[in-house]
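Trainee: what follows is a protein structure lacking sequence information:
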């Protein structure tokens with residue numbers, strides 16, 4: 001067997017053994033929900049921007065991420081153990097230009113947000129993500145929608161990663 005064939009087998013062996021050792025990529029790591037609250041209600045998304053599509057995109061992304069990484073059941077407010085609020089601090093796009101014709105060669109979408117969990121019994125804050133900032137670059141005008149979805153998905157993954165950290 002050639003050197004490259006051995007390398008491929010070795011690499012395949014390492015990739016297959018890592019999950020057996022308990023190692024997980026962060027994007028797939030299970031989350032620890034505050035106060036073991038698994039029945040959640042997504043109460044509100046505060047969106048100070050004029051982008052009306054931002055709220056449903058955030059709601060969908062957060063629900064998908066927490067459902068895939070935790071034992072979460074999304075329920076009505078009266079059945080929930082905790083309510084979840086998303087506070088968008090800012091959403092912006094920026095362009096970088098070069099040359100004397102000011103031709104845009106790269107643009108960026110950036111979102112800053114914070115997610116908080118509140119007890120439905122006491123209304124007390126039981127967990128907050130703290131500020132989360134995520135950006136995604138794109139080129140041309142056609143990539144803005146994909147970059148926006150990518151930035152939102154990244155921000156939500158960062159929130160879930162903070163839930164998976166045990167302090």
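Mentor: Nice, I can see it. No experiment lies behind these values; they were computed from the predicted model shown.
Trainee: pull up the distance across stretch 134-144, start to finish.
Mentor: From its first residue to its last, stretch 134-144 covers 14 Å (Cα to Cα, to the nearest Å).
Trainee: roughly how far is that stretch from the heart of the chain?
Mentor: Offset of stretch 134-144 from its chain centre (Cα atoms, centre = their mean, to the nearest Å): 17 Å.
Trainee: one more: stretch 59-74?
Mentor: Counting by Cα atoms, centre = their mean, stretch 59-74 is centred 10 Å from the centre of its parent chain.
Trainee: cool, and stretch 122-136?
Mentor: On Cα atoms, centre = their mean, the centre of stretch 122-136 falls 11 Å from the chain's centre.
Trainee: repeat for stretch 82-101
Mentor: A distance of 15 Å separates the centroid of the chain from that of stretch 82-101, by Cα atoms, centre = their mean.
Trainee: now do the buried residues in that stretch.
Mentor: By 16 or more other Cβ atoms under 10 Å, the buried positions in stretch 82-101 come out as 82-88, 91. The way it works is simple: take the backbone N, C-alpha and C, and place the C-beta from them, glycine included.
Trainee: can you redo those as JSON lines with secondary structure?
Mentor: Output for the buried residues of stretch 82-101, formatted as JSON lines (DSSP: H, G, I helix; E, B strand; the rest coil):
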{"residue": "82", "secondary structure": "strand"}
{"residue": "83", "secondary structure": "strand"}
{"residue": "84", "secondary structure": "strand"}
{"residue": "85", "secondary structure": "strand"}
{"residue": "86", "secondary structure": "strand"}
{"residue": "87", "secondary structure": "strand"}
{"residue": "88", "secondary structure": "strand"}
{"residue": "91", "secondary structure": "strand"}
